[in-house]
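>>> Sharing a model that was predicted from the sequence below.
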Amino acid sequence: MSATTQSYPSIETVFAAQRKTAIALRTSTAQMRIEKLKRLEAAILSHRAAIFKALAADLHRSEAETEFLELLPVIAGIRHARRHLASWMKPKRVPPTLMMLGTRARIVYEPRGVSLIIAPWNYPVSLLLGPLISAIAAGCPVIVKPSEISEACASVMTELIRETFDPQDIAAFEGDISVSAALLDLPFDHIFFTGSPGVGKVVMAAAAKHLASVTLELGGKSPVIVDESADIVKAAKSIAWGKFSNSGQTCIAPDYAFVHESRLPQFIEAMKDAIASMYGDAMQSPDYARIINPRNFDRVSRLIDDATAGGAVIVAGGKRDAGQKFIAPVLLTGAASNSAILQEEIFGPVLPIVAYRDLAEPLTAINTRPKPLALYIYARDRARIDRILRETSAGGSCINASMIHFSHENLPFGGIGTSGLGNGHGFYGFRAFSHERAVLEDKFSVVPMLFPPYTKRVKKMIEWVVRWFT
């Protein structure tokens, strides 16, 4: 245990200090916040080797995959915020409505206040530091809680935060569910949680006790539709990368694929080729991650076994090693529609493939399930692409790509329904941690002429305003 950990103040002490800091930060300038972002970037780069080592220990993650999927989005997010923060913070003038002629109005972005960020284990760097960038940009003091499941990385993230920031400004606390419970008992102004829908409900219930606002980035079964017009080779490469990166443990990974029956054999062969090209013998590949722990290994294994017992066929992969928490990339066909693997989020390296004849079939199947965090379309027929987008609902979508919308700083990232609430990234992350305060200044409006007493003349004026100004 480091000296900083030994002498670190308690949760209650930090929270009390941050409530005072929150008041002071209301007047913080763009430059003051940018300086914090610079310090965060420098800290990330100085801990780069430790991050690589920690994620190799937790997930058998390669340095290249960590750099690409964790550090790149975070560094890009910091630099994007630095470039645009002054503009984001400026009050936004809004034009008057007819009824409000004679007034001047603006929206002022003010910090929500003391905030809590609870991060997951699957991307324990980007999904902790990404929301932190937004909180710093908005001027909020923050307590972050890394997931104890990715133990090595949680230790590095805690050390990074504690070495870089004063706890009255930004603090970090490691620990199990009891630490999360202690934090959720406190009256935070905003909570940003990334994780499962089940735990998201617990977080939202805790926030409701204090009427705290929340941003929930959850998950769900993100579907893929590959129609007959698709470039099958390109689609297979994109889906294989999105599905099997981090051994499938990605909240926006393609979860299951609907493939037009006329392209099914070609798609399966293209997927096999893509997997072989990326990983070869996945057991020996330095680029293929492992399942996080035995519990999740057993859960994914049960999904596979349940599907095959119900008649599904493994057409590629399937090798498993419990000791190494290894599951080779699996392609599965013929799963029953009511099987667990087509009902539950897989969160592992298994892609069930469902053949369809008419586009109405996948659209109906998708719309009978909870709204997903992502939906992916592979097609070259614009009319079908537009139909899929029009007739479905999802947190976000990619056309002829998977997952990369996460890294687009000018797009909102978030879910809908059971896949999430609110948005993050770029300006949308800044706005998540900001209160949009309405400010109106009366110059020469007619509204005071409508005040009581409601004489005959005033009543006529109100009638006239209703008729002509609304």
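Arrived safely.
>>> mind checking how far Trp464 is from Leu45?
Taking CB to CB, to the nearest Å as the measure, Trp464 and Leu45 are separated by 65 Å. To be clear about C-beta, it is placed using only N, CA and C from the backbone, and glycine gets the same treatment.
>>> make that Gln266, sorry
Distance from Gln266 to Leu45, counting by CB to CB: 44 Å.
>>> Ile117 now?
21 Å.
>>> Neighbour count for these two, which is higher?
Neighbours were counted for Ile117 and for Leu45 using other CB atoms under 10 Å; Ile117 has more, 28 against 12.
>>> Could you give the average pLDDT over the helix or strand hosting the more buried one?
Ile117 belongs to strand 115-118 when assigned by DSSP states H and E. Averaging pLDDT along strand 115-118 yields 98.
>>> Please shift the residue numbers so they start at 83 in all later answers.
Sure, I'll start counting at 83 from here, so that last one is strand 197-200.
>>> list the helices and strands that strand packs on?
Using 3 or more CB pairs under 8 Å, 6 or more residues apart in numbering; DSSP states H and E as the contact criterion, the elements in contact with strand 197-200 are helix 208-220, strand 224-227, helix 259-266, strand 272-276.
>>> Tell me who's in contact with Thr185.
Counting by CB atoms under 8 Å, 6 or more residues apart in numbering, Thr185 touches Pro178, Leu522, Glu523, Asp524, Lys525, Ser527.
>>> what's the offset of the helix or strand that contains Tyr458 from the middle of its chain?
Here Tyr458 sits within strand 456-460, counting by DSSP H and E. Distance, stretch centre to chain centre, for strand 456-460: 16 Å (CA atoms, centre = their mean, to the nearest Å).
>>> would you put the C-alpha positions of it in PDB?
Extracted in PDB, the C-alpha atoms of strand 456-460 (Å, rounded to 0.1, in the frame of the first residue of the first chain):
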ATOM      1  CA  ALA A 456     -26.100  -0.200 -30.600                       C
ATOM      2  CA  LEU A 457     -27.500  -1.600 -33.900                       C
ATOM      3  CA  TYR A 458     -25.300  -2.400 -36.900                       C
ATOM      4  CA  ILE A 459     -26.300  -2.400 -40.500                       C
ATOM      5  CA  TYR A 460     -24.300  -4.000 -43.400                       C
END
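>>> who does it pair up with?
Here strand 456-460 is paired, per DSSP bridges, with strand 305-308 (parallel), strand 478-481 (parallel).
>>> quick one on the thing from earlier: and His490, which of the helices and strands packed on strand 197-200 is closest to it?
Evaluated with CB to CB, the helices and strands packed on strand 197-200 place helix 208-220 nearest to His490, the distance being 12.9 Å.
>>> So which other helices or strands are in contact with that closest one?
Helices and strands touching helix 208-220, by 3+ CB pairs under 8 Å, 6+ apart, are helix 112-128, helix 154-171, strand 197-200, strand 224-227, strand 272-276, helix 508-514.
>>> Extract the residue ranges of the protein that are flagged as low pLDDT.
Across the chain, the ranges flagged by pLDDT under 70 are 83-88.
>>> Which residue comes closest to the residue most central in space within it once chain neighbours are left out?
Centroid check for the chain by CA atoms, centre = their mean gives Glu299 as the closest residue, at 4.5 Å. When the adjacent residues along the chain are set aside, Glu299 lies closest to Thr276, with 4.3 Å between them (CB to CB, 6 or more residues apart in numbering).
>>> What is the burial count for that neighbour?
Close neighbours of Thr276, defined as other CB under 10 Å, add up to 27.
>>> Ok, Arg161 next?
Residues near Arg161, counting by other CB under 10 Å: 15.
>>> likewise Ser278?
By the criterion of other CB under 10 Å, Ser278 has 17 neighbours.
>>> and what of Asp524?
For Asp524, the count of nearby residues is 12 (other CB under 10 Å).
>>> Run a quick check on it versus Ala187, I expect a contact.
No - judged on CB atoms under 8 Å, Asp524 makes no contact with Ala187 at a distance of 10.0 Å.
>>> Tell me which stretches of the stretch 233-382 of the chain form strands.
Here the stretch 233-382 of the chain has its strands, by DSSP state E, counting those that start in this stretch, at 252-254, 272-276, 295-299, 305-308, 338-342.
>>> So what touches the shortest one?
Strand 252-254 is contacted from outside by 96, 100, 118, 214, 218, 223-228, 239-240, 242-244, 246-247, using CB under 8 Å, 6+ apart.
>>> among these, which ones are buried?
Neighbour counting with 16 or more other CB atoms under 10 Å marks 96, 100, 118, 214, 218, 223-228, 239-240, 242-244, 246-247 as buried within these.
>>> wait, what's in contact with the nearest residue in space to Ala99 that is not next to it in sequence?
With sequence-adjacent residues excluded and distances taken as CB to CB, 6+ apart, Ala99 is closest to Gln250, at 3.8 Å. Counting by CB under 8 Å, 6+ apart, Gln250 makes contact with Val96, Ala99, Gln100, Lys102, Thr103, Pro223.
>>> gap between Gln250 and Pro223?
Note on Gln250: its distance to Pro223, by CB to CB, is 7 Å.
>>> Can you check which residues contact both of the two?
Shared contacts of Gln250 and Pro223, counting by CB under 8 Å, 6+ apart, come down to Gln100, Thr103.
>>> And this protein, what are its domain boundaries?
Domains of the chain are assigned by automatic domain parsing as 85-300+502-518, 305-495.
>>> Mind checking these for the one nearest to Pro535?
Taking these one by one with CB to CB, domain 85-300+502-518 is closest: 21.3 Å.
>>> Now render the helices and strands packed on strand 197-200 as CSV, adding distance to Ile373.
Converted to CSV, the helices and strands packed on strand 197-200 look like this (distance: least, CB to CB, whole Å):
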stretch, distance to Ile373
helix 208-220, 18
strand 224-227, 23
helix 259-266, 21
strand 272-276, 19
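>>> which residues does the nearest residue to Asp403 once chain neighbours are set aside contact?
Nearest non-adjacent residue to Asp403, counting by CB to CB, 6+ apart: Met365, 7.1 Å away. Met365 makes contacts with Lys401, Asp403, Gln406, Phe408, Ala410, as judged by CB under 8 Å, 6+ apart.
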